[in-house]
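> Pasted the sequence and its predicted model underneath.
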Amino acid sequence: MKHELIQDSNKIILKNVKDFEPKDIFECGQCFRWKKEDDASYTGVAYNRLLNVKKVNNEIHFKNTNYQDFLNIWVNYFDLNTDYSLIKKRLSNEDKVMEKATSFGDGVRILRQEPWETIISFIVSANNNIPRIMKAIELMCSRFGNEVGIYNGKKHYSFPEPKVLANLKPEDLSACNMGYRGPYIIKTAKQILSNPNQIDLLQGINTDICREGLMELSGVGPKVANCIAFFAFGKLDAFPVDVWVKRLMEFFYFNEEMKPKEIEAFAKKQYGQYAGYAQQYLFYYGRELGIGKGGAKVVGYNS
DNA sequence: CGTCAGGTTTGTT
DNA sequence: AACAAACCTGAC
C-alpha cells in the first residue's frame, strides 16, 4: 500500500488516496447499510464493526476504528490495494464508450462485502428501489441483529445470522417491509444453514459455476446472482443486467431491444475480466448524459 | 386511483 | 427453452 497512514485516537487517516469518493462508493447501489450523516460522512456496519468514513480535502478519515482493524478488515473491505486508475485505463482501451465512461464516476470503489449479508440484501433488492431496500434491511437488522455500538447518538446493529433468519416466520419479515420476499429469505437462510460450506465453495470457483450455485438459492435469479458474485465473491467479470444497464447498453451499443442474456454475453466478450467494473462506470456515464427512463434524452450518439 | 419500480417464481405453451 | 402473470409497497 502506498498510502500515507496516520494513527489518531480511535481514528485512521489516509493521505493521498486516489479514486475514493464516499458518495460514489456508498450511493452507487452496491450496498444498503451506509447512512449519510449531516457532515457528509457515512456511518455503517460491516464485519460486526461500526465505522464512520469521511473525506476531508485529500484525506480519508476512518473513525471509530483502530490500526489493527483497519489493516485486517477495512483495507480489504474498501479494496484499497486495487489500482482503479489502472482498471479505468484498461477499460478505456476496449472501446470509445468505455474511454468516455471511465472519466465519470471517478471515485467509485467496489466494496468487498460479506457473502451472507450480500446474498440476502440482493434478494431484497429484486424488483425494488434503493430507499425501500435500505429501510427494510435496517428494520430487519434492528429487530433481529445484535447491537454493535452507538455512533453520533444512533444505535447500529449487526446483520442477522442465517440461523436467526431461518427461524423467522414470513410475517416477521413482512413487518420489516420485505413484502413477498420474506419467504425467499427464510428459505435461503435454511439452505445456507443446511449447507454451511456452500459459501466457502462459491468463493473459490469460477464465475459461471459460482452464479449457478447462487441461483439455487430461493429468490436468486440471473441478475441477483451476478450482483452477489461481483460484490461479495470478487467475480470481477460478472455483469449484472438490470433495467438500467439494459437501457444503457442498448443505447450505447445496439440501438435496438436486446435480451438480458445477449447483453451479458456481449459484455463479457467486450470487457473481459473487468466486465463488472465496466457496468459501474456505465451508470455514471449514463447519468452524465441524462439517459434515463423511457429511452435516451440524448440522441444520435452512434450516428 | 392507476401505473411503475434496480426481478424471480410459478405455471403455460 | 421461451413467454406471461402475479407479487409487496410506496412514490408519483
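Perfect, thanks for sending it.

> Name the residues of the stretch 151-300 of chain A found near DNA strand B, please.
Within the stretch 151-300 of chain A, the positions near DNA strand B by Cβ under 7 Å from any atom of the strand are A:180, A:184, A:215, A:217-225, A:242-244, A:283, A:293. Backbone N, C-alpha and C define where each C-beta goes, glycine included.

> burial count for the closest residue to DNA strand C within chain A?
In chain A, the residue found nearest to DNA strand C is A:Gly179; the distance is 2.5 Å by Cβ to the nearest atom of the strand. Neighbour count for A:Gly179, taken as other Cβ atoms under 10 Å: 14.

> And the one 10 residues further on, by the same measure?
Neighbour count for A:Ala189, taken as other Cβ under 10 Å: 24.

> give me the element it is part of.
helix A:182-194 (DSSP states H and E).

> swap in A:Ala265?
Here A:Ala265 is assigned to helix A:260-271, by DSSP H and E.

> Which positions in stretch A:48-67 come out as buried?
A:49-55, A:59-65 (16 or more other Cβ atoms under 10 Å).

> what sits against A:Ala278?
Counting by Cβ atoms under 8 Å, 6 or more residues apart in numbering, A:Ala278 touches A:91, A:94, A:98, A:101, A:239, A:267, A:270-271.

> tell me the two of those residues that are most distant?
Spatially, the most separated pair among the contacts of A:Ala278 is A:Ala101 and A:Phe239, at 14.0 Å (Cβ to Cβ).

> can you pull the pLDDT of A:Lys297?
Note on A:Lys297: pLDDT of 42.

> do the one 4 residues further on as well
Model confidence at A:Tyr301, given as pLDDT, is 36.

> Check A:Arg211 too.
On the pLDDT scale, A:Arg211 gets 96.

> strands paired with the longest strand anywhere in chain A, and their directions?
Ordering each strand of chain A by length in residues (DSSP state E) puts strand A:49-56 first. Sheet pairing of strand A:49-56 (DSSP bridges) gives strand A:42-46 (antiparallel), strand A:59-63 (antiparallel).

> how far out from the middle of the chain is the very next helix or strand once past the last one?
Next helix or strand after strand A:59-63 toward the C-terminus (DSSP H and E): helix A:67-69. A distance of 23 Å separates the centroid of the chain from that of helix A:67-69, by Cα atoms, centre = their mean, to the nearest Å.
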